[in-house]
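J.: Sequence below, structure please.
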Amino acid sequence: MRIGYLDCFAGMSSGRFIGALANAGVPEQILQDAVDALDIGARLELVHIKRNNIATVKAYISFDVSENQFDISQDFKSFFEDNQTENHKQILGTIHALISNTYLPSKAKKLILQTFQNLAEATAKVSGLPIEEISFQEVKALNTIVSVTVCCVACAWLKIDQWFISPLNVGSGIKKKSRGFLPIPSPVTLELIGNDALIYASGPQKELLTPTCAALLKALKVNYQPCPPILISRIGYGAGRMEYDNLPNFLRLCIGTTTKDNNTQSAIGEIVIIEAEFTKSSQDALIELQTQLYAHGAKFVYTVPIYSVFNQMSDKVVIFSLPEQADAMRRFLFERLKTAYVHWRVEKYENLIHYDENVITPWGKIKVIIGQLLNNQIVSVVPDKVMCQSIAKAHDISIIEIEETVKRLFFSGKN
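T.: The predicted model follows:
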């Protein structure tokens, strides 16, 4: 089982969570694509900084006023900043419409919408009002929508099976609101974390756990029980905006897998391999069979001819299927091929993470495809073949020389 553990000794904010997710290996392109999918003129900048002599990532969200989308941003801001509006339910509906119309992964959309639903319900309960009458004062700007979206997309990409969390440092003191003063942690925050969370206050008199993060933790169904023993494969540190004298202001994220023995293999999933033999078929029939299998959810299909000592010819189909689709795949083979038997076995697999980066070279920016293991070790760097061929032709240089230069510049930039 894949575990995510949040170490909240300094509380938690969405900005620190984004930084920790990026520092733990979520590709920056995944995060940037999430921002771009909202199409509201937002920008995300990730900066590598030292905090208490620890390498961390700090996330900045801004909005480009030169973009055409800025008018949309102003419309959204009016929803969150106008406390006098009578149509408060429209705020939640507007968020729902914005997220539903994006090209984000379905799991991420569900997490985002559940986060804002949690926030709305908790605010309504604390205020003693129906949900359609709340002022949603906890959400005050577009950057909240952007930060929640980035967090949820990154969490969905990591494919965590279960989240665990340390006792929460929620902060202390009093904070000023538009309609008065509230204690820290806020009533909405306490309502969201429920009765299971262990909380305490240490460090500066500040709000260390925001209501938005509390709503996100609830959407992630975080387990407040002690984290089980895990083999850690990734660690990420996300820095906060301020530095405190008596508290390291960053969030630590640990990702790993549970284990029952000393096996340290980083297999992250299982695949079912299904095989069946059938009467020799034409090339068109084999193509049609593969097409049907892919339509039924096969991850990979191939066929091979079989020659027996009895001078009989037949074909064998080999299918790679997810475990939850294996039964349906076997039934299809029995019905479609009229075969007498089907073999299958379960094997472990590990995904090599792929993402793109641009490398600055003497010939301009060249895209490279990076292959990375779960422990963040980069095992392959492949320069874009088309770009290298074009440069080689234009400058009369060997393509091998260009590729080697790009790789060297890539690794020198990482050191």
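J.: Assign the residue lying closest to residue 165 once chain neighbours are set aside to helix, strand or coil.
T.: Nearest residue to residue 165 in three dimensions, chain neighbours excluded: residue 6, at 4.5 Å (C-beta to C-beta, 6 or more residues apart in numbering). From N, CA and C alone the C-beta is placed, and that goes for glycine too. At residue 6 the chain is in strand, as set by DSSP: H, G, I helix; E, B strand; the rest coil.
J.: my guess is residue 6 contacts residue 164, does it?
T.: Yes. Counting by C-beta atoms under 8 Å, residue 6 touches residue 164, with 7.3 Å between them.
J.: which residues do these two both contact?
T.: residue 222 (C-beta atoms under 8 Å, 6 or more residues apart in numbering).
J.: Skipping adjacent residues, who's closest to residue 325 in space?
T.: In space, and not counting its chain neighbours, residue 325 is closest to residue 297: 4.5 Å by C-beta to C-beta, 6+ apart.
J.: Surely the one you found is in a strand?
T.: No. With three-state DSSP as the criterion, residue 297 is located in coil rather than a strand.
J.: Quick one: low-confidence residue ranges for the stretch 1-150 of the chain.
T.: 65-91, 132-141 (pLDDT under 70).
J.: Strands of that one, residue ranges please.
T.: Under the criterion DSSP state E, counting those that start in this stretch, the stretch 1-150 of the chain contains strands at 2-7, 42-51, 54-63.
J.: can you pull up the bridge partners for the residue nearest to residue 165?
T.: Beta-bridge pairing for residue 6 (DSSP bridges): residue 165, residue 253.
J.: so what's the most centrally placed residue in the chain up against?
T.: What sits nearest the mean C-alpha location of the chain, by C-alpha atoms, centre = their mean, is residue 154, with 1.8 Å. By C-beta under 8 Å, 6+ apart, the contact set of residue 154 is 18, 21-22, 26, 30-31, 34.
J.: Residue 239 too?
T.: Contacts for residue 239 (C-beta under 8 Å, 6+ apart) come out as 16, 19, 49, 51, 56-58, 249-250.
J.: Any figure for the gap between residue 94 and residue 106?
T.: Per C-beta to C-beta, to the nearest Å, residue 94 is found 20 Å from residue 106.
J.: With neighbour numbers in mind, choose between those two.
T.: Between residue 94 and residue 106, residue 94 has the larger neighbour count (other C-beta atoms under 10 Å), namely 15 against 8.
J.: Reduced to three states, what does residue 245 come out as?
T.: Quick answer, by three-state DSSP: residue 245 is coil.
J.: Next one, pLDDT for it please.
T.: As predicted, residue 245 sits at a pLDDT of 78.
J.: tally of neighbours for it?
T.: By other C-beta under 10 Å, the residues close to residue 245 number 6.
J.: quick revisit: let me know the closest of the contacts of residue 239 to residue 186.
T.: Using C-beta to C-beta, residue 16 comes nearest to residue 186 of the contacts of residue 239, at 18.0 Å.
J.: So residue 185 is in contact with residue 209, correct?
T.: Yes. Counting by C-beta under 8 Å, residue 185 touches residue 209, with 6.0 Å between them.
J.: anything in contact with each of the two?
T.: Residues touching both residue 185 and residue 209 by C-beta under 8 Å, 6+ apart: 170-171.
J.: tell me the domain ranges of this protein?
T.: Using automatic domain parsing, the domain parsing of the chain gives 2-258, 269-349, 353-414.
J.: avg pLDDT for the shortest one?
T.: Put plainly, it is domain 353-414. So the average pLDDT for domain 353-414 ends up being 86.
J.: Kindly report the same for stretch 232-240.
T.: The pLDDT scores in stretch 232-240 average 91.
J.: just the CA coordinates of it, formatted as PDB?
T.: The C-alpha trace of stretch 232-240 is given here as PDB (Å, rounded to 0.1, in the frame of the first residue of the first chain):
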ATOM      1  CA  ILE A 232      10.200   5.800   2.600                       C
ATOM      2  CA  SER A 233      10.900   6.400  -1.100                       C
ATOM      3  CA  ARG A 234      10.400  10.200  -1.300                       C
ATOM      4  CA  ILE A 235      10.600  13.200   1.100                       C
ATOM      5  CA  GLY A 236       9.500  16.700   0.300                       C
ATOM      6  CA  TYR A 237       9.800  20.000   2.200                       C
ATOM      7  CA  GLY A 238       7.600  22.900   1.500                       C
ATOM      8  CA  ALA A 239       8.500  26.400   2.900                       C
ATOM      9  CA  GLY A 240       6.000  28.900   4.200                       C
END
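J.: tell me which element residue 202 falls in.
T.: Here residue 202 sits in a region with no helix or strand, counting by DSSP states H and E.
J.: Please name the residues that touch it.
T.: 169, 247.
J.: The chain should start at 11 in everything you say after this.
T.: Will do, 11 is the new start, and the previous item becomes residue 212.
J.: roughly how far apart are it and residue 356?
T.: With distances taken as C-beta to C-beta, residue 212 is found 47 Å from residue 356.
J.: And the helices in the stretch 111-260 of the chain?
T.: For the stretch 111-260 of the chain, applying DSSP state H, counting those that start in this stretch gives helices covering 116-137, 152-168, 197-203, 221-229.
J.: that older thread, point out the most buried one among the domains of the chain.
T.: Highest mean neighbour count among the domains of the chain (mean count of other C-beta atoms under 10 Å): domain 12-268, with a mean of 18.
J.: Any idea how far apart the tips of that one sit?
T.: Criterion C-alpha to C-alpha, to the nearest Å; first-to-last residue distance in domain 12-268 is 7 Å.
J.: same deal with stretch 165-183?
T.: One end of stretch 165-183 to the other measures 31 Å (C-alpha to C-alpha).
J.: And it, how far out from the chain middle?
T.: 14 Å (C-alpha atoms, centre = their mean, to the nearest Å).
J.: repeat for stretch 299-311
T.: 27 Å.
J.: And for stretch 40-57?
T.: So, by C-alpha atoms, centre = their mean, the centroid of stretch 40-57 is 13 Å from its chain's centroid.
J.: go on, stretch 334-354?
T.: Stretch 334-354 has its C-alpha centroid displaced from the chain centroid by 34 Å (C-alpha atoms, centre = their mean).
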